[in-house]
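Enquirer: pasting the sequence and the predicted coordinates here, then a few questions.
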Amino acid sequence: MKRYFWLLYLAVITVAAALAADMFNTYLSSRLAAPLAPTQTQAKNTSGPLAQRAALAQYEIINKRNIFNATPPADAPEPARAPEPPPPPPEVPVAPLQLKLVGALASTRPGAQRFVILESTSNPPGQAVYQVGDIVQQAVIADIRPDCVVLERGGSRQELCLQQEAGTPPAAPAPRAAAVPAPSPPRSEAPGGGGIVRVDTGTWRISRDVLLENFANVGSLSSQATVTPYFVQGQQLGFRLSQMRSGGVLQQIGLQEGDVLQKVNGLDIHTPQEALQAYQQLQTESTVRLNILRNNSSTTLTYELR
């Protein structure tokens, strides 16, 4: 009987081994069939905080540079043309000034004042004395010359000369080679005629028109002589005549080189303003008495107007 026990043991071991092998195969098959669960690993022994996730805007440069040529650049537009400047506005012509230059006094003495006598040709007419910088009919007097005045208005300049109204262009001077013969002297310049008669050594009978045109207005004397202010110790005491025109009206009425005009009918003519006042009164006077200084002596010349 003992002889068969080892066979029984062997059979039991064989069955147990077979069962164990079958159980192991079943377990292994179940493990291989199930999906593997994701695992997360974390770095160990790190010395600092983990890097933060970058914002999406930081990757925009990749799209701009188009490194993968995903969006080829569009054709560059043509540069915009600069707009053409608007045409300049048409120039508005400046209305001519209604003025007439009656006389000008522009001395060459350093620091001496310059004056002009302007007559308004508009309604009402009138005369006034002006200096550089004064305003007349919305025009500024920019410069005063012996025979002209320069007016500035609206950025443009206008020159007004003797015997010329504002707004009238001056006549172009004739070339010397083609100069026309000089006109015959006016009657007022003829000795003993032309409206001037010498009565005695200090009295003349003269046409009123001749006197008013050539004498009474100090500014108009510039066509007959050089008129400069006469100063004594810094005070103006009249007007000195120099460079007188030979045979002119001033010589015919008894005036000489170097005479200083000081009074007319008792009115001082030390300044252009006073000369203008005397000129306005002479238009109705029948006798004119002119006080002059000649060779440091006072002299009176008398004129009978007719």
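Expert: Nice, I can see it.
Enquirer: quick check: which ranges of the stretch 201-306 of the chain have low pLDDT?
Expert: Applying pLDDT under 70 to the stretch 201-306 of the chain flags the ranges 212-223.
Enquirer: please enumerate the strands of it.
Expert: Using DSSP state E, counting those that start in this stretch, the strands found in the stretch 201-306 of the chain span residues 203-206, 226-232, 235-242, 260-264, 267-268, 287-294, 297-305.
Enquirer: report the buried residues of stretch 277-284.
Expert: Neighbour-count burial for stretch 277-284, counted by 16 or more other Cβ atoms under 10 Å, picks out Gln277, Ala278, Tyr279, Leu282. Heads up, the C-betas are built off the backbone N, CA and C, glycines and all.
Enquirer: err, stretch 246-261, not the other one
Expert: Buried residues in stretch 246-261, counted by 16+ other Cβ under 10 Å: Gly248, Val249, Leu250, Gln251, Gln252, Ile253, Gly254, Leu255, Asp259, Val260, Leu261.
Enquirer: the closest residue to the fifth one other than its chain neighbours bridge partners, please.
Expert: Put plainly, it is Gln252. The shortest distance from Gln252 to any non-neighbouring residue, by Cβ to Cβ, 6 or more residues apart in numbering, is to Ile196 (5.0 Å). Judged by DSSP bridges, the bridge partners of Ile196 are Ile206.
Enquirer: please tell me how far Ile196 sits from Val210.
Expert: Distance of Ile196 to Val210, computed by Cβ to Cβ, to the nearest Å: 7 Å.
Enquirer: again, but for Ser156
Expert: Separation of Ser156 from Val210 (Cβ to Cβ): 38 Å.
Enquirer: of the two, who's got more company?
Expert: Taking other Cβ atoms under 10 Å, Ser156 and Val210 do not tie; Val210 has more neighbours (21 against 11).
Enquirer: thinking that one is in contact with Trp204, fair?
Expert: No: counting by Cβ atoms under 8 Å, Val210 does not reach Trp204; the two are 10.3 Å apart.
Enquirer: mutual contacts of those two, please.
Expert: Ile196 (Cβ atoms under 8 Å, 6 or more residues apart in numbering).
Enquirer: related to what we said a few turns ago, want to throw the buried residues of stretch 277-284 into a markdown table with distance to Ala80?
Expert: Output for the buried residues of stretch 277-284, formatted as a markdown table (distance: Cβ to Cβ, whole Å):
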| residue | distance to Ala80 |
| --- | --- |
| Gln277 | 70 |
| Ala278 | 73 |
| Tyr279 | 69 |
| Leu282 | 75 |
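Enquirer: count of neighbours near the closest residue to Arg208 other than its chain neighbours?
Expert: Leaving aside its chain neighbours, Arg208 sits nearest to Leu305 (4.4 Å; criterion: Cβ to Cβ, 6+ apart). Using other Cβ under 10 Å, Leu305 has 19 neighbouring residues.
Enquirer: what residues are up against Leu305?
Expert: Taking Cβ under 8 Å, 6+ apart as the criterion, Leu305 is in contact with Ile206, Ser207, Arg208, Leu211, Glu285, Ser286, Thr287, Val288.
Enquirer: hey, what's it bridged with?
Expert: Taking DSSP bridges as the rule, Leu305 bridges to Ile206.
Enquirer: and it, how far from Gln256?
Expert: Separation of Leu305 from Gln256 (Cβ to Cβ) stands at 22 Å.
Enquirer: what's near enough to touch the closest residue to Ser298 other than its chain neighbours?
Expert: Nearest in space to Ser298, with sequence neighbours left out and distances taken as Cβ to Cβ, 6+ apart, is Asn291 at 6.4 Å. By Cβ under 8 Å, 6+ apart, the contact list for Asn291 reads Gln262, Lys263, Val264, Ser298, Thr299, Thr300.
Enquirer: try 10 Å this time
Expert: Applying Cβ atoms under 10 Å, 6 or more residues apart in numbering, we find Asn291 in contact with 238, 260-269, 298-301.
Enquirer: one more: Leu261?
Expert: 215, 218, 221, 227, 230, 238-241, 255, 269-270, 275, 278, 290-293, 301.
Enquirer: the same query, at a cut-off of 6 Å, please.
Expert: Leu261 sits next to Gly238, Phe239, Ile269, Ile292 when contact means Cβ atoms under 6 Å, 6 or more residues apart in numbering.
Enquirer: any idea what Ser120 is bridged to?
Expert: Here Ser120, judged by DSSP bridges, has bridge partners Leu99, Gly126.
Enquirer: per-residue pLDDT, it?
Expert: Note for Ser120: predicted pLDDT of 84.
Enquirer: shouldn't it be in contact with Gln127?
Expert: No: with contact defined as Cβ atoms under 6 Å, Ser120 and Gln127 do not form a contacting pair (7.5 Å).
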